[in-house]
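Enquirer: how would this look folded up:
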Amino acid sequence: MSENNPSFALPTPATERDAEEARKSVIRAAIDRQADPQSREGVMADVLGVVVVGLSQLTVGLSKAKSLAEVNAAAEPLAAIGAAVDMAVKSGALKLPFMVKTGGPEKVLADMTRLSNSVSTALAAAQAPGPVV
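Expert: Residues are numbered from 1 along each chain as shown. Here you go, the predicted model:
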C-alpha cells in the first residue's frame, strides 16, 4: 500500500486512543460479568478493612514490644493472614489481577502514581483560594 491509496491510513493518536478505549471497554464488560461494581467495591472494602486493622494492631504491638517474643506476638495475626494468602498464591488458588495485568506490578504502580497525582492536583486546585479551574 502507498500513501496515495485512500485505504491506507497511518494510526493517529485519536485512533490509537479509540482502540485503547475499546479494548478497555471489552475488558471492563468481561469483569462486570464476573461481579457487579458494588460487589467488587464491597469485597475491596472488606480486604482494606482487614489490612488496616491488621496493620494497626501490628503497629501498636510493635511500638509496645520490649522483647522478641512480644514482636512475634504482635506479628502473629497478620502473619497468619499473610501465610494463607502466600499459600493460595503459590498454589495457584488465588490470582490477583495485577499478576495477570499487562505490565505487571510496574504498570500497577505507574497507574497508581498517575491517578494519585491527578487526584492530588485536582484536590489542591479545589482547595486553593479563588475560582476552581
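Enquirer: Show me what counts as buried in the lengthiest helix in the chain.
Expert: If you go by DSSP state H, the chain has its longest helix at helix 37-64. Buried positions in helix 37-64, judged by neighbour count with 16 or more other Cβ atoms under 10 Å: 54, 58, 61. C-betas here are computed from N, CA, C, even on glycine.
Enquirer: could the residues you listed go into TSV alongside pLDDT and distance to Gly42?
Expert: Shown next, in TSV, are the buried residues of helix 37-64 (pLDDT from 0 to 100; distance: Cβ to Cβ, whole Å):
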residue	pLDDT	distance to Gly42
Gly54	94	19
Leu58	95	25
Gly61	96	29
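Enquirer: Please verify my assumption that Gly103 contacts Pro97.
Expert: No: in terms of Cβ atoms under 8 Å, Gly103 does not count as a neighbour of Pro97; the distance is 11.8 Å.
Enquirer: okay, the two: which has more neighbours?
Expert: Gly103 (11 against 8; other Cβ atoms under 10 Å).
Enquirer: In terms of helices and strands, where is the residue nearest to that one when sequence neighbours are not counted?
Expert: In space, and not counting its chain neighbours, Gly103 is closest to Ala110: 7.4 Å by Cβ to Cβ, 6 or more residues apart in numbering. Element membership of Ala110 [criterion: DSSP states H and E] is helix 104-127.
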